[in-house]
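[1] Any chance you could fold what I've pasted below:
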Amino acid sequence: MKTKTLVLILGSVLLVNSGTISRADDKSDLERSVAALDAVGKDPADHGRVFASISKDTSVPVPTLEKQKADSNLGFGGLFIANKLASATGKTFDQIVAEHKAGQGWGEIAKANNLKLGSLVSAAKKSESALNKGANDQRGASGGKSGGGGHGGGKK
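    Next comes the predicted model:
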């Protein structure tokens, strides 16, 4: 009987922890996606393209995004996520940024508003992928045929 009870307790602990691990993975995925979007926009020559992509994905006009970025000091990843959170929660961009600057992570803000992290991670990865594809297409168009296989070492 003790063995059966131990197995049930252990199974319950593993089940509870698997949900925690999944949420932790989503949070780290979200942070990685934010960092990746920031990296895509590191080169000032790419800013126009990054603003245009974020505008397309969030339905926020480019001039508004430019002002938000300047006022908030967020990177492009934070700008993207804050606008997605604002849209999904009905809160303003400024309210979301204030929560973040008060110490809440993007994942915590999403959770506090009953949002699934997976959908934010997916949206951020989709945006990053589109930006990377656009950069590769742009390099190919401006440099002609490179003959180099197309999957180089990434951004500088």
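[2] Would you list the phi and psi of residue 55?
    phi -60, psi -40 (degrees, to the nearest 10).
[3] so what's it up against?
    Contact analysis of residue 55 by CB atoms under 8 Å, 6 or more residues apart in numbering lists 61-62, 65. Just so you know, the C-beta spots here come from the backbone N, C-alpha and C atoms, and that holds for glycine as well.
[4] what do you get for residue 115?
    Shown in contact with residue 115 (CB under 8 Å, 6+ apart): 85, 88-89.
[5] which of the residues you listed has the most neighbours?
    Counting neighbours by other CB atoms under 10 Å, residue 85 leads these with 22 neighbours.
[6] roughly how far apart are that residue and residue 44?
    Separation of residue 85 from residue 44 (CB to CB, to the nearest Å): 26 Å.
[7] Tell me where this structure is predicted with low confidence.
    1-27, 134-156 (pLDDT under 70).
[8] Swap in 80 and give it another go.
    Scanning the chain for pLDDT under 80 picks out 1-28, 119, 121, 123-124, 130, 132-156.
[9] Pull out the buried positions in the strand or helix carrying residue 71.
    Using DSSP states H and E, residue 71 falls within helix 62-72. For helix 62-72, a neighbour-count test (16 or more other CB atoms under 10 Å) marks 65, 68-69, 72 as buried.
[10] now these as JSON lines including distance to residue 80?
    Converted to JSON lines, the buried residues of helix 62-72 look like this (distance: CB to CB, whole Å):
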{"residue": "65", "distance to residue 80": "9"}
{"residue": "68", "distance to residue 80": "11"}
{"residue": "69", "distance to residue 80": "10"}
{"residue": "72", "distance to residue 80": "12"}
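[11] tell me which of the residues you listed is nearest to residue 79?
    Proximity of those to residue 79 (CB to CB) peaks at residue 69, which lies at 5.2 Å.
[12] Just to check, that closest one is in contact with residue 77?
    No: counting by CB atoms under 8 Å, residue 69 sits too far from residue 77 to count as a contact (11.0 Å).
[13] thinking again about what came up before, how far off helix 62-72 does the next helix or strand after the helix holding residue 71 point, in degrees?
    Following helix 62-72 in sequence order, the next helix or strand is helix 76-89 (DSSP H and E). If you take axes from the mean of the first three to the mean of the last three CA atoms, to 10 degrees, helix 76-89 sits at 110 degrees to helix 62-72.
[14] For helix 76-89, which residues meet the burial criterion?
    Within helix 76-89, the residues that qualify as buried are 76-86, 88-89, counting by 16+ other CB under 10 Å.
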